[in-house]
Structure formats: structure tokens, C-alpha cells
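> Structure here, sequence nowhere to be found:
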């Protein structure tokens, strides 16, 4: 039931509206785009139509005005308008007929006075849309001063074509046509007689009427155009839906449900016909068959790849866990290690440790190859290096034993280049040995290459011997170790970072007295490589020699189990071996006595080591019961070995010290023992 329910849920998810909306959205966008294009074209056409129609409409009215004016002129040439003008309010019926026939607002005849630019109305007729004000103020015999305009003067001067003027008068916004009338027919003789001076015939029509007529017709055109547009768009949308969108929706629906339904037996798309969509259906049917096969193969490959990546990730974590912390600050040196792994698991390593006698061991190595095998080989190598270093072997012997073990069990034929060095702060010497690794450097007053010891890479052949070399170091000098991931790093153009550039940058660190050589090289390397892919691990280690500490303070709890910490702190000092053993012997006796007798329950103990050029002072401070251990120190000659209890440890500690002193201050027991360095150093030199 769960399986069926899951399948049902998948079908419901695949049939949700968003997938339909995508197809409808495409259909809507195409339809709207088509409508928008047609509307834009309609707009352009309507703009042109508006302009042309308006001009044609204006021309029609201009012709109408000219016709009215010509008819009036013809009337004035037939009848003398000066005759029979007794009643100013009676208009000649023929003028009214002309007004109605040509559908104009005003028809009038005026006698102009060019000098005073005035005009006297000889005849006037009014159309249906004439204003009442004009009817009241314009009549036969009325003279109007200052109204004669340039168009009338042009007509007066003989322009018989009709002068058209658009003018806003006191009565209306009008379109006016002016024509001259210079003669009339003498009814007695039948001959043309010239008027005393030319008359001006005017015909006017309201622009509002012109525009109203035009707007009515243009609106009809707009409505017709938009109706045709909607019909065309609708027809196109229907055609688009049935011929394009519907087939696409079917194909899209099958494609959207392909992933969830691919394991089921689903009906294939129809392949009847020869249109592009039929070809798409045919291709989709073929594709589904092939994809089902491909997906099964890819899923299997992905499972294998994820397993490999998981294994590589575990290997990276193991590799990282085997390395020491990136920074260590010990009494005689400051160590900084860094490994930036490439994408694949590699075999770079660095290692360091402080030996029991106060010397410091450092190493760097690079395994050939990549992957899990290289990582395993690296983990074995770092374990061996650490083991042999703790056994106080010399560098050359460490490499010999290390090589023999690796070579004896190396079925994959891997090898590892290795450089190791041991720093002796008492003698100021660095002893090193090299098994085919990149030549390291010392940053001192100048850049020094550590190229005096040579040997083949470890892990290839048993029985190899390795050279050993020595160099003196002083405080402030820095040992720089690196793998070939540094000098062989490539930028996007394929150029190598190179050993020459590395040496140049290291020399620059000396000149600039750079406080952090590691950071300077990493920064320069990043500037060089930038976005290029990293092909190999980048590993570096620096050890900067420090001034021997003048004072070492160790804060402890009064537990005997902390004796190893006391020993490690003493043996980390840059002192000769005999002197360190002597000091530790005294410290052990004093610390055990404090742990055993000073407190009823565990308390705090402070141990200080003060080193000068000639002496070493060992100081113990505790807050236990007041007790002066320098009193009643036994005489070894009177000591009863069979019956005496205690006292021998104090005797031993005080007898090996050059001097000792006790005081009780600030509720603290303070015991100091002083040891001479001169005798011990002389013994060391003799040795």
C-alpha cells in the first residue's frame, strides 16, 4: 500500500498546475506579443490615417468654402448688390440658399476700405450654427473698423482662386475663404459694368463642425480597425493553440512526468503525420528509451563515485590528522608548518617534535603519485620518521632505517623524497640529511642552500646509505623546507612558479627582514597562480631560531604524575646533556618531597629556571606548610642506611647543586638551587 500511495503522490505532484501554467504562459506571451505587434502597427497606421484623413477632410471643407464663395461671386456678378437695399434686415433668399446648399456658417459680401482697414457689410446670410452674437452685430450696412485682414487685402488685389484663412474671430474659431468680385451685369444693356471698387465675398465655416465631422469618421475607422485586429488576433490565438500550444503541452506534460513515471509503462506520444511536432514526438519517444538506459548506468556510476569520494574524504581527514599543528613555539625555535592539499589525496607531509634531550627534529616529504595508496604510504612514512627520531638516531641513520622498512614492503613501487634535520641549540648546529628532496634554504645574513648532503628517494631499494651535513645557525636564522608543489605551481598561462622566483622571494624576505617567511611565500604564490587549478599539494615548513630563554616558568599541581612535564621542560633548555640530567635529578627530589609532605591535599607548585651565562638557578615555590629543607641536612657519613627514613633526597639535591637557599615569604616556601654552567660546559667540550 505504501508503494501505491507513493506512486499516487508522485502522479499528483507531476500533474500540479505550475507545469500547466508554464505552457499556458508561453501561449499567453506569444498571443499578447502578437496582439502588441498588431496594436503597434495599428497605431502607426492610425496615426498616418489621422494625418491623411484630417488633411483630406480639411481640403473637402476648403473646397466647400470655395464653392460657396464662387456661387456668391457669380450671384454678385449677375445682380448689382447695391440695388434695392432699403431694408437692412431682409436678406436676399439666394444667399440663404447658398448657405444651406454648401452647409457653411456665414456668407457675406463686404465693401472694403483699404485706407482705414474697415469693411461695410453689403449682404450677409447665416447658417444653422451661426452664433446669436454674430446675428445681432452683423447686418447689411454695418461698418466694422480695423477688421480688414491681409487675406482680404490679397483677395481685393485680384486673387480669384480663393484665399483660405484659419482665424479665431470674436464669434467663432472659423475657416474662411475670401474671393474678389469686380463687376456686375447691367440689366438694361446686358453688359458687364465694373463696381466702383472691388468687393470681397467671404464664406465661413466653424472649425468645430470640421473637427466634429472628422472625429466621428475617425472614431468609426478606429473601431473598425480594432475590431479587425481583435478578430485577427483571436484567429491567430486559436490557430496557435490547436496547432502549436496543444501539441507542445502534450509533449511538455510527458516530459515533466518522465522522471517520476519513467519506471512505469506509459503510453508513447503519437507519431502520425510529418509536422515538426510529430518529429519532436518521435525524437522524444526515442530519447525516453535511451535515457532510461543512461539513467540506470549513471546511477550506478554515481554510487561508485560517491563511495570513492567518501573514501578520499576519509583519507584527507586521516592525512590531516597525522600532521602536527601548523604553529609551535618551543624554547629554542618557532616552527610554522603548512600543507594546502590539491583536490586529489596526495602524499605530502611535514613533521616536527622536540626530543627528550632538548634538540628539535623537523622533516618534510613528498610521496610519488596520488590517491589512497599515496596517502597510506605517507601515513606509514610519518610514523616511521617520528619513531626513529624519538630513538635519538642521527639523520642519516633515520633515513637508512626508514628507507629499508619502506622498500621492503612496497608492492606499488612508490617512493618518497624526504629531508630531515635535527637542531641542537646547545651547540648551535643543524645536522641534516636528504633523500632526493628539493634543496631547502637557510635565511641568514644571506640565502644559503642546504645542498651538502645527497641521497636517493626512499622506498625504492634497500641498503641505501645517506650523507649527512652540518651547518651553524644563530638566533634569527630561518630554515625553509618545501615540496615541489611550490616551485612547480602553474598559473593560467601554464608558466611555473620556478625555483628561481622562490629564491628571489626568499632573498627579498632577508632584505626586508620579513617577520613571517611562510606568509610572504604563500602570498606571492597566490598572486602568481590566481585562479589556476592546483595540481599538487603545496607544503612548507619554517623553523626560526630563537634566543635561548633566560627564564622558564612552569606551573604545576602537586601530583607526582607531573614529573614527565618537569623533565620535558628542563631537557628543552639549551644546556649540555650532563647539566640537564643533574638539574633534573635535583628537581625530581625536590618536587617529590613537595608532593609528599607540603600539602594535606594537592596544591600549586611553581618551578622556575633562570639561565645566565655562568649559572642556572632552579627555584621551587609552594604554598604548603612552612618547612626549611636546608636545616638538618643529614651527614652522609652518619647516615644509618638500615634504619633511617627520609633525608637522603635532600642531601642528594643539595650536594649536586653549587649552592642553595631557602626563605619563607608571603606565606610561600621558596627554595632555590644554583648550578654552575662553566664546569659542565668544559666537560662537554672535552667530550
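Good, I have the coordinates. Just so you know, these numbers come straight off a predicted model, no measurement behind them.
> The longest strand seen in the chain: partners in the sheet, and parallel or antiparallel?
Secondary structure of the chain per DSSP state E: the longest strand is strand 192-206. If you go by DSSP bridges, strand 192-206 pairs up with strand 106-113 (antiparallel), strand 173-185 (antiparallel).
> Just say which of the ones you listed is most tucked in.
strand 106-113 (a mean of 22; mean count of other Cβ atoms under 10 Å). For glycine as for every other residue, the C-beta is placed from the backbone atoms N, C-alpha and C.
> how close does residue 493 sit to residue 376?
35 Å (Cβ to Cβ, to the nearest Å).
> just to revisit the earlier point, what comes up buried for the longest strand of the chain?
195, 198, 199, 200, 201, 202, 203, 204, 205, 206 (16 or more other Cβ atoms under 10 Å).
> Report the contact partners of the closest residue in space to the third one that isn't next to it in sequence.
In this case it means residue 199. Closest residue to residue 199 apart from its sequence neighbours, by Cβ to Cβ, 6 or more residues apart in numbering: residue 181 at 4.4 Å. For residue 181, the contacting residues are 72, 73, 76, 77, 109, 195, 198, 199, 200, 201, by Cβ atoms under 8 Å, 6 or more residues apart in numbering.
> Residue 448: helix or strand, and which one exactly?
Assessed by DSSP states H and E, residue 448 sits inside strand 447-449.
> whoops, I mixed them up, residue 510
helix 499-512.
> Can you spell out which helices and strands pack onto that helix?
strand 441-443, strand 447-449, helix 484-487, helix 517-529 (3 or more Cβ pairs under 8 Å, 6 or more residues apart in numbering; DSSP states H and E).
> can you put the strands paired with strand 192-206 in a markdown table and add distance to residue 667?
Formatted as a markdown table, the strands paired with strand 192-206 follow (distance: least, Cβ to Cβ, whole Å):
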| stretch | distance to residue 667 |
| --- | --- |
| strand 106-113 | 130 |
| strand 173-185 | 117 |
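> Which one of those lies nearest to residue 338?
With Cβ to Cβ, the closest approach to residue 338 among the strands paired with strand 192-206 belongs to strand 173-185: 91.4 Å.
> what pLDDT, on average, does the closest one get?
For strand 173-185, the mean pLDDT works out to 88.
> After the helix or strand hosting residue 617, which helix or strand is next? Please name it.
Per DSSP H and E, residue 617 falls inside strand 615-622. Next along the chain after strand 615-622, taking DSSP H and E as the criterion, comes helix 648-656.
> from the middle of its chain, how far away would that following helix be?
71 Å (Cα atoms, centre = their mean, to the nearest Å).
> again, but for stretch 658-667
Counting by Cα atoms, centre = their mean, stretch 658-667 comes out at 66 Å from the chain centroid.
> tell me which residues in it are buried?
Those would be residue 660, for stretch 658-667 by 16+ other Cβ under 10 Å.
> State the distance from the closest residue to residue 502 other than its chain neighbours to residue 366.
Leaving aside its chain neighbours, residue 502 sits nearest to residue 487 (5.4 Å; criterion: Cβ to Cβ, 6+ apart). Residue 487 sits 12 Å away from residue 366 when distances are taken as Cβ to Cβ.
> for residue 333, same thing?
For residue 333, the distance to residue 366 - Cβ to Cβ - is 23 Å.
> coming back round to it: quick one: which of the buried residues of strand 192-206 is nearest residue 291?
For the buried residues of strand 192-206, with residue 291 as the reference and Cβ to Cβ as the criterion, the closest is residue 206, at 77.3 Å.
> quick one: contacts for that closest one?
105, 129, 172, 173, 174, 175.
> Closest to residue 467 out of those residues?
residue 173 (115.7 Å).
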